[in-house]
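Student: Give me coordinates for this.
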Amino acid sequence: MDELKLFIEGIENKLKRLLIKQKALTEQVSQLNAEKVEKDRVIIEQQDRIEELKKKIEIMGAAKVLSTDDNTLAKHRIDEILRDIDKCLVLLNR
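Tutor: Below you'll find the model as predicted:
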């Protein structure tokens, strides 16, 4: 009878330890999920910033080309811009 009681107490102790570990792991999962959400937000912000900077670089390149004395280079860039505008209009008309 005493052996059965000790066996049951051992199982109860192991169960309590498992419940404590489960609670700790659940808290850790929640913390990691919160960190992931924050990192995802930062990634999205950085991707938006990269797109903004790419657009600025493109604009600065166009401005540089248009400000040069080389008319053929400026005309070529204007033609490129017009083709891009035409592509956008085609997409809008679909």
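
Student: How far off centre is the helix or strand where Thr72 lies?
Tutor: Using DSSP states H and E, Thr72 sits in helix 71-92. In terms of Cα atoms, centre = their mean, to the nearest Å, the centre of helix 71-92 is found 32 Å from the chain centre.

Student: Can you give me the buried ones in it?
Tutor: Across helix 71-92, burial judged by 16 or more other Cβ atoms under 10 Å covers Arg77. In short, each C-beta sits where N, CA and C put it, glycine included.

Student: Can you name every helix or strand that the lowest-mean-pLDDT helix or strand in the chain contacts?
Tutor: The least trusted helix or strand in the chain, going by mean pLDDT, DSSP states H and E, turns out to be helix 71-92, with a mean of 83. For helix 71-92, the elements it packs on are helix 2-67, judged by 3 or more Cβ pairs under 8 Å, 6 or more residues apart in numbering; DSSP states H and E.

Student: for the helix it packs on, packing partners?
Tutor: Partner elements for helix 2-67 (3+ Cβ pairs under 8 Å, 6+ apart): helix 71-92.
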